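Visitor: Task: produce atomic coordinates for the following.
(one chain, ligands or ions: 1)
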Amino acid sequence: MITNQSTPYLRCIEAGCEERYPIDERIYTCRRCAGLLDVQYDFNLSSTADEMKAIFNERRAARTELERSGVWRFRELLPFVTDLSRVVTLAEGNTPIYTAPRSAEYAGLDRLRFKHQGLNPTGSFKDNGMTTGVTQAARLGTAAVACASTGNTSASMAAYAARAGMRAFVFIPAGEVAYGKLSQSLEYGAKVVEIEGNFDDAMRLVRELADETDLYLLNSINPFRLEGQKTIVIEMMEQCDWQAPDWIVLPGGNLGNTSAFGKALHEMRELRFIDRMPRMAVIQAEGAAPFYELFGSSDKSKLRPAARPSTLATAIRIGNPVSWKKALRSLEWTNGIVEIVTEQEIADAKAMIGRDGIGCEPASAATLAGIKRLVTSGVIGKPDNVIAVLTGNLLKDPSYTIGYHTDEIALDDYTHRQIKGNFANRPVRAAADKDQIKRALF
Ligand code: F0G
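Guide: Purely as a prediction, here's the structure:
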């Protein structure tokens, strides 16, 4: 045993409230003030940070999925599970960090690295949070789980629920979820409800349903999801030999990741795992940018939802992000910022990430587009050490990619302009004849 923890608890994040609840209570927001909840620990580590870092690292070579998992090998930093036999895992995490020279040059940086969360079992960062969310569902004896989703949360929840033998109900905006993601939810056996509305409608409805029924809600408003997502940056710091970079850049939608990253960095700093804070930069698509608006406003006490959020990066087509208060706190902790990017910038950045041999889904490419803007405006310096998080796999949204490379990308309904395939790689057509093929190639 290397830690000696007191009992974890849930705590309302609202200053002046900070109401506490036991972690076995099925609760998503504060009963007194409706504030968001943190899973809180009075960390009392009996080993030094250096000893723990060595143990985290040794577990990577272990035989069992649980021990090796890129979430559970860091379990002393998210110690809400005492009975490890309850853990539901698909050996998630342990995702690589790639250097990306072409993308770096495109953005105007000396160097740039991507941590690719798209290389998770279901192809997105959601798996880091779903293993902890579904494990908590198992601890509570839940039979059925539910979420609203732009596609990745539902794919991940469906897979982990299938592993755990739970029923899964996913609520998605009809016609707005990329096919790769929809196909996963169907294949993993979830009940898929296509709502005639947008993500925000689906989110509102599933929250009401979770209050009135036995469905256990697994959106990122559930604080146990965020405990797992903390390990994305914990592992990132490990991969950097626990030397924080200057910048961590990520896309922002419902703002669960932004919230989780800030909490992880704050806790790692407090526990002396890192000795300085990186700055966080959150990037939103300009047609779905309520957090950007909030960040630029003098009154940060209330988020004004975007009524008709719109972007072809459907993963982040969200107008009313539930975790905005935690996300704001993350920016305070890390001296962070928010930037917006256009549809054209996202599309070109995505093609550039492909040219590095990496690839990602559209929402993830908002990072590179945002970095390019921030370098141009002088906020990020050319020599700065920057790591961007690619949140989803290239194969999640093939229609978008093919549309870009064949100049047939669907109309962008925010600006009503066609997206240009500035870096398009068009296929060539040739008769089934060697000479004709040679002519087509050279
Ligand atoms: N990138 C991808 C690929 C996503 O799927 C999401 C969110 C985000 C970025 C934004 O992350 O919400 O933590 O700010 N997808 C959710 C879903 C909303 O339902 O799959 P966030």
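
Visitor: Where does residue 47 fall, secondary structure wise?
Guide: Using DSSP states H and E, residue 47 falls within no helix or strand.

Visitor: Repeat that for residue 259.
Guide: With DSSP H and E as criterion, residue 259 is part of helix 256-270.

Visitor: That helix near the ligand anywhere?
Guide: Yes: judged by C-beta under 6 Å from any ligand atom, helix 256-270 comes into contact with the ligand through 256-258. Every residue, glycine included, has its C-beta placed from N, CA and C.

Visitor: out of the residues you listed, who's nearest residue 147?
Guide: residue 256 (11.2 Å; C-beta to C-beta).

Visitor: show me where the stretch 1-150 of the chain has strands.
Guide: 9-12, 20-22, 37-40, 97-99, 113-116, 144-148 (DSSP state E, counting those that start in this stretch).

Visitor: who touches the second one?
Guide: For strand 20-22, contacts defined as C-beta atoms under 8 Å, 6 or more residues apart in numbering pick out 9-12, 27, 31, 37, 40.

Visitor: Any idea how far it is from the middle of the chain?
Guide: Centre-to-centre, strand 20-22 and its host chain are 27 Å apart (C-alpha atoms, centre = their mean, to the nearest Å).

Visitor: Going along the chain from the longest helix along the chain, find the next helix or strand for me.
Guide: Identified as the longest helix of the chain according to DSSP state H is helix 223-239. Helices and strands here follow DSSP H and E; after helix 223-239, the next one along the chain is strand 247-251.

Visitor: same for that next one, what does it pack against?
Guide: Under the contact definition 3 or more C-beta pairs under 8 Å, 6 or more residues apart in numbering; DSSP states H and E, strand 247-251 sits against helix 256-270, strand 279-285, helix 362-376, strand 386-390.

Visitor: Can you list the strands that that strand pairs with?
Guide: In the sheet, strand 247-251 lines up against strand 279-285 (parallel), strand 386-390 (parallel) (DSSP bridges).

Visitor: right, is it up against the ligand?
Guide: Yes: using C-beta under 6 Å from any ligand atom, strand 247-251 comes into contact with the ligand via residue 251.

Visitor: now do stretch 140-160
Guide: Yes: using C-beta under 6 Å from any ligand atom, stretch 140-160 reaches the ligand at 149-153.

Visitor: on that earlier part again, need the max-distance pair from the contacts of strand 20-22.
Guide: 31 and 40 (16.3 Å).

Visitor: more neighbours, those two?
Guide: residue 40 (18 against 12; other C-beta atoms under 10 Å).

Visitor: need the contact list for the residue lying closest to that one once chain neighbours are set aside.
Guide: Among residues not flanking residue 40 along the chain, residue 11 sits closest, at 4.4 Å (C-beta to C-beta, 6 or more residues apart in numbering). By C-beta under 8 Å, 6+ apart, residue 11 lies in contact with 18-21, 37-38, 40.

Visitor: So among the residues you listed, which ones count as buried?
Guide: Burial by neighbour count, 16 or more other C-beta atoms under 10 Å: within those this picks out 21, 37-38, 40.

Visitor: Go through the residues you listed and name the one nearest residue 216.
Guide: residue 37 (14.7 Å).

Visitor: Quick check, that closest one in contact with residue 12.
Guide: Yes: using C-beta atoms under 8 Å, residue 37 makes contact with residue 12 at a distance of 5.9 Å.

Visitor: shared neighbours, these two?
Guide: In contact with both residue 37 and residue 12: residue 30, using C-beta under 8 Å, 6+ apart.

Visitor: Can you list the low-confidence ranges for the chain?
Guide: Within the chain, the ranges that satisfy pLDDT under 70 run 1-5, 410-416.

Visitor: mind running it again at 80?
Guide: Flagging of the chain using pLDDT under 80 yields the residue ranges 1-6, 45, 408, 410-417.

Visitor: Could you pick out the residues of it near the ligand for me?
Guide: 124, 149-153, 220, 251-258, 315-316, 361, 363-364, 391-392.

Visitor: rerun at 5 Å
Guide: 149-150, 152-153, 251-257, 315, 363, 391-392 (C-beta under 5 Å from any ligand atom).

Visitor: Looking at those, which is nearest residue 418?
Guide: Among the residues of the chain next to the ligand, and counting by C-beta to C-beta, the member closest to residue 418 is residue 363, at 20.4 Å.

Visitor: Spatially nearest residue to that closest one (excluding sequence neighbours)?
Guide: Using C-beta to C-beta, 6+ apart, the closest residue to residue 363 is residue 315 (3.8 Å).

Visitor: Kindly report the same for residue 9.
Guide: residue 20 is the one closest to residue 9 (C-beta to C-beta, 6+ apart), at 5.1 Å.

Visitor: Ok, residue 239 next?
Guide: Closest to residue 239 by C-beta to C-beta, 6+ apart is residue 97, at 5.0 Å.

Visitor: do you know how far the one you found is from residue 270?
Guide: Distance of residue 97 to residue 270, computed by C-beta to C-beta, to the nearest Å: 24 Å.

Visitor: more crowded one of these two?
Guide: Under the neighbour definition other C-beta under 10 Å, residue 97 and residue 270 were set side by side, and residue 97 has more, 15 against 10.

Visitor: list the contacts for the more buried one?
Guide: 113-116, 236, 239-240, 387.

Visitor: Of those, just the buried ones, PyMOL syntax please.
Guide: Per 16+ other C-beta under 10 Å, the buried members of the contacts of residue 97 correspond to this PyMOL selection:
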select buried, resi 113+114+115+116+236+240+387
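
Visitor: Tell me which two of the contacts of residue 97 sit farthest apart.
Guide: 116 and 240 (15.0 Å).

Visitor: Can you pull the phi/psi pair for residue 271?
Guide: Backbone geometry at residue 271, expressed as degrees, to the nearest 10, gives phi -90, psi 0.
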